[in-house]
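[1] Give the three-dimensional model of this entry:
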Amino acid sequence: MSVFDHPEFDHHQQIVFGSDQASGLRAIIAIHDTTRGPALGGLRIFPYASDAEALTDVLRLSRGMTYKSALADLPLGGGKAVIIADPRRDKTPELLRAMGRLVDGLGGAYITAEDSGSSEADMRLIAEATEHVGGLPRHGATSGDPSPFTAWGVFCALKSAVRHGLGRNDLTDIRVAVQGVGNVGAHLARYLHAAGARLVLTDVDDPALVRLAEELDAEAVAPAAITDAEVDVFAPCALGAALSEAVVDRLKARVICGAANNQLAAAGIAERLMARGILYTPDYVANAGGVIEIAWQRRDDYRRDAVMEHIEGIGATLDEIFTRAEREGVSPAIVADDLARERFRAVS
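    Presented below is the predicted three-dimensional model:
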């Protein structure tokens, strides 16, 4: 199968395969659309089972970034990068600098940033080879790691989803299952705890899970048990494809809102959720907080209060999406896609 025949190919503007023998770099950069501006998207470092799996991921993620930036009203397009490697074993300064050279060769068409498997420290190394890097402090301590901003956006999204799906204006005693308590998931759990929610947590990193559960007086369960938890809200905050047919059929939650990208494992899942009376929050709308903050880093008038106000607008965007979905009798996923396309195609 050629790239152009790939089921996830969506008229991507550019796909770059990069390698560096000295460092062992094997990477793919996908630029989906630059109509609104340069393509911004994080760098995922993951030990994909095959090149084909990596290509599928980068194509889906880059497309999602275009839609995310459009609905967040940002002057940015969508892109993504993946390195086929184990971030715990294979990540070296040489590999990251080689990645920086690959990004630099695109002349600013793609701006990289942190994602699963990469960190702010990694971005500093990449920045030694290219200026086209986001997620680094440029305005003192108020800017840098986008994880807290992503989590705050998901928190704002979750409040909107609870209003529309559960008819509640507060989170007191709302039970939320958080799947994945890495950088974003842990911040989200803390925001939810502070708002009075009762938490069920899981993660593959058992020591980190136990520490956070103790800190937040939360219930900790094994990863396989999280989708069976008796909760009101399910928050996928790990890797994508969390919502398969089997998972959807088991869920007790009536609302889904999380930070993970590409949560729907297959076509038809959004409709399956709707048929079960489960309100789905489109992931790329909910998790736009980090991208919003990175976009503000590029401005000379960066102000934290303005950033937070922009991020909190995610809730208003979702109010519009949920209301329109209910009125039209369709999934919020369809409405979000339509609205995003209206916004980025209108610019061209």
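[2] measure the residue positioned nearest the centre of the chain to Ala213 for me?
    For the chain, the residue nearest the mean C-alpha position is Asn261 (4.2 Å; C-alpha atoms, centre = their mean). With distances taken as C-beta to C-beta, to the nearest Å, Asn261 is found 25 Å from Ala213. To be clear about C-beta, it is placed using only N, CA and C from the backbone, and glycine gets the same treatment.
[3] With Thr34 instead?
    From Thr34 to Ala213 the distance is 43 Å (C-beta to C-beta).
[4] Also His32?
    38 Å.
[5] Neighbour count for the two, which is higher?
    More neighbours surround His32 than the other of His32 and Ala213, with 29 against 20 (other C-beta atoms under 10 Å).
[6] and that one, helix, strand or coil?
    Three-state assignment for His32 (DSSP: H, G, I helix; E, B strand; the rest coil): strand.
[7] Let me know the pLDDT of it.
    pLDDT recorded at His32 is 97.
[8] Verify the stated contact: it with Phe9.
    No: look at His32 against Phe9 with C-beta atoms under 8 Å: they stay out of range, at 9.9 Å.
[9] residues touching Arg276, list them.
    Residues near Arg276 by C-beta atoms under 8 Å, 6 or more residues apart in numbering: 248-249, 251.
[10] Can you name the helix or strand that the nearest residue to Leu136 once chain neighbours are set aside falls in?
    Once flanking residues are discounted, Leu136 sits nearest to Met123: 5.3 Å by C-beta to C-beta, 6 or more residues apart in numbering. In the assignment (DSSP states H and E), Met123 maps to helix 120-126.
[11] Also Asp319?
    Following DSSP H and E, one finds Asp319 within helix 304-328.
[12] Residues touching stretch 323-343, excluding its own?
    66-68, 70-71, 73, 164, 264, 270-271, 273-274, 279-282, 284-285, 318, 320-322.
[13] Next: stretch 259-267.
    Contact with stretch 259-267 is made by 57, 60-61, 64, 150-151, 154, 179-180, 184-185, 188, 235-245, 247, 256, 270, 280, 283-284, 286-287, 333, as judged by C-beta under 8 Å, 6+ apart.
[14] Among those residues, name the buried ones.
    57, 60-61, 64, 150-151, 154, 179-180, 184-185, 188, 235-243, 247, 256, 270, 280, 283-284, 286-287, 333 (16 or more other C-beta atoms under 10 Å).
[15] How much space separates the residue nearest to Asp228 when sequence neighbours are not counted from Ala177?
    Sequence neighbours aside, Arg250 is the residue nearest to Asp228 in space, at 5.8 Å (criterion: C-beta to C-beta, 6+ apart). According to C-beta to C-beta, Arg250 stands 12 Å off from Ala177.
[16] Give me the common contacts of the two.
    With C-beta under 8 Å, 6+ apart, Arg250 and Ala177 have common neighbours Thr227.
[17] So which of those two has more stuff around it?
    Between Arg250 and Ala177, counting by other C-beta under 10 Å, Ala177 is the more crowded of the two (28 against 11).
[18] Now do the SS call for the more buried one.
    Look at Ala177: counting by three-state DSSP, its state is strand.
[19] list the contacts for it?
    199-202, 226-227, 229, 231, 233-235, 253 are the contacts of Ala177 under C-beta under 8 Å, 6+ apart.
[20] Give me the below-cutoff pLDDT ranges for the stretch 101-250 of the chain.
    Across the stretch 101-250 of the chain, the ranges flagged by pLDDT under 70 are 138-144.
[21] all helices of it, in order?
    Using DSSP state H, counting those that start in this stretch, the helices assigned to the stretch 101-250 of the chain run over residues 120-126, 147-166, 183-194, 206-216, 245-250.
[22] Give the buried residues for stretch 266-275.
    Those would be 269-270, 272-274, for stretch 266-275 by 16+ other C-beta under 10 Å.
[23] gap between it and the chain center?
    Its chain's C-alpha centre and that of stretch 266-275 lie 20 Å apart, by C-alpha atoms, centre = their mean, to the nearest Å.
[24] try stretch 339-348
    20 Å.
[25] Format the CA atom coordinates belonging to it as PDB.
    Output in PDB follows, covering the C-alpha atoms of stretch 339-348 (Å, rounded to 0.1, in the frame of the first residue of the first chain):
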ATOM      1  CA  LEU A 339     -17.100  23.100  12.700                       C
ATOM      2  CA  ALA A 340     -13.300  22.700  12.400                       C
ATOM      3  CA  ARG A 341     -13.400  22.200   8.600                       C
ATOM      4  CA  GLU A 342     -15.600  25.300   8.400                       C
ATOM      5  CA  ARG A 343     -12.900  27.300  10.200                       C
ATOM      6  CA  PHE A 344      -9.700  26.100   8.500                       C
ATOM      7  CA  ARG A 345     -11.100  25.800   5.000                       C
ATOM      8  CA  ALA A 346     -12.600  29.300   5.300                       C
ATOM      9  CA  VAL A 347      -9.100  30.700   5.500                       C
ATOM     10  CA  SER A 348      -8.000  29.200   2.200                       C
END
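[26] Rounded mean pLDDT for it, please.
    Here the average pLDDT along stretch 339-348 is 78.
[27] and if you look at stretch 41-51?
    96.
[28] So what touches that stretch?
    The contact list for stretch 41-51 (C-beta under 8 Å, 6+ apart) reads 26, 54, 57-58, 61-62, 65, 78-87, 90-91, 99, 110-118, 122, 126, 135, 239.
[29] Restricted to strands, list those.
    Assigned to strands by DSSP state E, the following of these qualify: 26, 78-84, 110-113.
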